[in-house]
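Colleague: Generate coordinates for the sequence data below:
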Amino acid sequence: MRTLPRPLALDLQGRSLTRIADLTAAELEAVLDLAEELKRLHAAREPHRPLEGRAIGLLFRKNSTRTRVSLEVAIAQLGGTAVQLPPSELQLARGESLSDTARVLSRYLDAIAVRTGPQIEIDELAASASVPVINALTDEEHPLQALADLLTIRERFDRLDGVRVAWVGDGSNVCISLAAACALAGADFVCASPPGYEPAGVEVVRDPRDAASGAHALVTDVWTSMGRESEHGRRARDLAPYAVDEALLKLANPDAIVLHCLPAHPGEEISADVLYGLRSAVWDEAENRLHTAKALLALIAR
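Modeller: Below is the predicted model:
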């Protein structure tokens, strides 16, 4: 059984990840380094099971494909047990508080991953739990996606420092987490969004061509996030000039890659020829959700 490396003088064990700001630059680098090692071990079919005997709870209030499957598989490959916690089947559905739920689950589980709406729910759970709480998506942040995005960029360019990352479209939760992660990693981040769609605390330009110019990574997301389906018509009109297509990609670095957290809507925020084209790293990005989830869990839950 392979013993996983732990960075010297760096200990994330027992720590929650509610937002990217919970990490230091060195801790972010340690997660990415371990993710690369775990990806290599997985490809070599070398067993790595540091979570043997550990149980990780998955409490999801929102639909999921990549987050749910990557976390379940990550836990299994690390030797742990994933425990599904459908909110409708918990006493939360009958009025038990988040705080009491966190206190009880902490007596059974070694970590809890939560996918929900308001960021305050993650914060309340983390404040009351005595085990790590992982933000698996809120309306404000998606740190697990940002970790996978950075790993994908680093794999392509062998560095993050000085890499230009251009976000185009709605300044979503994914945008906010990626901007914070880029700041920690030394990457240059710029966002092109129309008025009313800007992410808080992020440099914004109005013209997507300005953002795309010379970019190493061109990143986008759906125009209508979960829970905002009634706004789709207005959002599609407002964001139409911010579609990632071949014309925009031609302005980027000649070796630029395109990222999208998925699910995508070809013909809206991204053209089909870009999504499925040679410059797309979307599927590598999706795979890296597994390896970065494994690294984070191995560092905080064992």
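
Colleague: okay, CA-based contacts and neighbour counts for the rest of this
Modeller: Will do.

Colleague: What is the helix or strand bottoming out on mean pLDDT in the chain packed up against?
Modeller: Ranking every helix and strand in the chain by mean pLDDT, DSSP states H and E puts helix 232-239 at the bottom, with a mean of 94. Counting contacts by 3 or more Cα pairs under 8 Å, 6 or more residues apart in numbering; DSSP states H and E, helix 232-239 is packed against no other helix or strand.

Colleague: quick one, strands of the protein?
Modeller: Counting by DSSP state E, the chain has strands at residues 55-60, 81-84, 111-115, 133-135, 164-168, 188-192, 204-205, 217-220, 257-260.

Colleague: do you know which of those lies nearest Glu268?
Modeller: Closest of these to Glu268 is strand 217-220, at 10.8 Å (criterion: Cα to Cα).

Colleague: Neighbouring strands of that closest one in the sheet, and parallel or not?
Modeller: Sheet partners assigned to strand 217-220 using DSSP bridges are listed as strand 164-168 (parallel), strand 257-260 (parallel).

Colleague: Show me how the chain divides into domains.
Modeller: Following automatic domain parsing, one finds the domains of the chain at 20-141+288-300, 145-287.

Colleague: What is the end-to-end distance of the last one?
Modeller: Between the opening and closing residues of domain 145-287 there is a gap of 11 Å (Cα to Cα, to the nearest Å).

Colleague: Over to stretch 225-243?
Modeller: Stretch 225-243 has an end-to-end distance of 16 Å (criterion: Cα to Cα).

Colleague: how near is the residue of the chain most remote from its centre to Ala127?
Modeller: What lies farthest from the middle of the chain is Arg94; by Cα atoms, centre = their mean that is 30.7 Å. Distance, Arg94 to Ala127, by Cα to Cα: 22 Å.

Colleague: ok so, going back, so which of the strands paired with strand 217-220 is the most packed in?
Modeller: When these are scored by mean count of other Cα atoms under 10 Å, the highest mean neighbour count falls to strand 164-168 (a mean of 28).

Colleague: hmm, back to that, out of the domains of the chain, which comes closest to Leu12?
Modeller: Here domain 20-141+288-300 is closest among the domains of the chain (Cα to Cα), at 5.1 Å.

Colleague: pLDDT value on the residue nearest the centre of the chain, please?
Modeller: Nearest to the geometric centre of the chain sits Gln145, at 1.3 Å (Cα atoms, centre = their mean). The score at Gln145 is 98. That number is its pLDDT.

Colleague: any low-confidence regions in the stretch 151-300 of the chain?
Modeller: Scanning the stretch 151-300 of the chain for pLDDT under 70 picks out no residues.

Colleague: was I right about Leu51 contacting Gly80?
Modeller: Yes: in this structure Leu51 lies within contact range of Gly80 using Cα atoms under 8 Å: 4.8 Å.

Colleague: Throw the strands of the chain into a markdown table and include distance to Arg15, thanks.
Modeller: Output for those, formatted as a markdown table (distance: least, Cα to Cα, whole Å):
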| stretch | distance to Arg15 |
| --- | --- |
| strand 55-60 | 14 |
| strand 81-84 | 19 |
| strand 111-115 | 9 |
| strand 133-135 | 8 |
| strand 164-168 | 28 |
| strand 188-192 | 27 |
| strand 204-205 | 32 |
| strand 217-220 | 29 |
| strand 257-260 | 28 |
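
Colleague: out of these, nearest to Gly277?
Modeller: strand 257-260 (9.2 Å).
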